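> coords below, sequence missing:
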C-alpha cells in the first residue's frame with residue numbers, strides 16, 4: 001500500500017465524520033424549518049391583506065439591499081383597517097402606477113403597513129442554508145480532529161522509533177556510542 005492510500009481505519013473515520021455532518025445538517029434543517037413555520041404562523045396571525053388606493057403617482061426610490069441597491073416604486077395610498085378606520089401611508093406599488101390604482105398591501109393589527117408573513121420558499125431557503133452551514137462546520141471540525149489525531153499519533157510513533165533506533169543502531173551498525181567506554185569503532 002502506498003503512502004497516499006488511506007487505511008481502512010482512516011476511511012471509516014472519514015465516513016463517520018461525513019455521516020455525522022450530514023445528520024447534524026439534516027437535524028439543523030428540520031429545526032430551522034419547524035421554528036420558521038411557527039414564527040411565520042405567529043406573524044401571519046397579525047398580518048392582514050387589504051386593498052389600498054393610490055392617492056398620488058408612483059415615485060421611484062433607490063432601496064439599499066444586502067446585495068446593493070435596486071429601484072422600488074412607492075406611492076401615497078389610503079386603505080381602511082381595522083374595520084372602517086381610514087389609514088394612509090406610502091406603500092410599494094408597480095413602477096409607473098398612476099393615482100387611483102388599487103394595490104394590495106399588508107398591514108399589522110393596527111393598520112400600519114407591514115411586511116408580509118414568510119413564505120414556504122423563503123423558509124426552505126433559510127432552512128437549507130442553515131443546514132448546509134451546520135453540516136459544513138461539523139465536517140470541518142471533524143476533519144480537523146482527524147488531522148490532529150493522525151499527526152499526534154504519527155509524532156508519537158516517530159518519537160518511539162527514534163528512541164528504539166538509538167538503542168538498536170549501535171548494535172546493528174557494529175559501532176558503539178562514543179563515551180560508552182566499550183571498545184572502538186575498529187573492534
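Received, thanks. Please read these numbers as outputs of a predicted model, since none were measured by experiment.
> Can you give me the buried ones in the helix or strand hosting residue 21?
In the assignment (DSSP states H and E), residue 21 maps to helix 8-44. For helix 8-44, a neighbour-count test (16 or more other CB atoms under 10 Å) marks 13, 17, 21, 24, 25, 28, 29, 32, 33, 36, 40 as buried. (Glycine included, C-beta is placed from N, CA and C.)
> what's it packed up against?
Packing partners of helix 8-44 (3 or more CB pairs under 8 Å, 6 or more residues apart in numbering; DSSP states H and E): helix 120-173.
> where does the helix it packs on sit relative to the chain's centre, distance-wise?
22 Å (CA atoms, centre = their mean, to the nearest Å).
> Check which helices and strands it sits against.
Under the contact rule (3+ CB pairs under 8 Å, 6+ apart), helix 120-173 is packed against helix 8-44.
> got a list of what the nearest residue in space to residue 63 that is not next to it in sequence touches?
With sequence-adjacent residues excluded and distances taken as CB to CB, 6 or more residues apart in numbering, residue 63 is closest to residue 72, at 4.5 Å. Counting by CB atoms under 8 Å, 6 or more residues apart in numbering, residue 72 touches 60, 61, 62, 63, 92.
> and the gap between residue 72 and residue 151?
According to CB to CB, to the nearest Å, residue 72 stands 54 Å off from residue 151.
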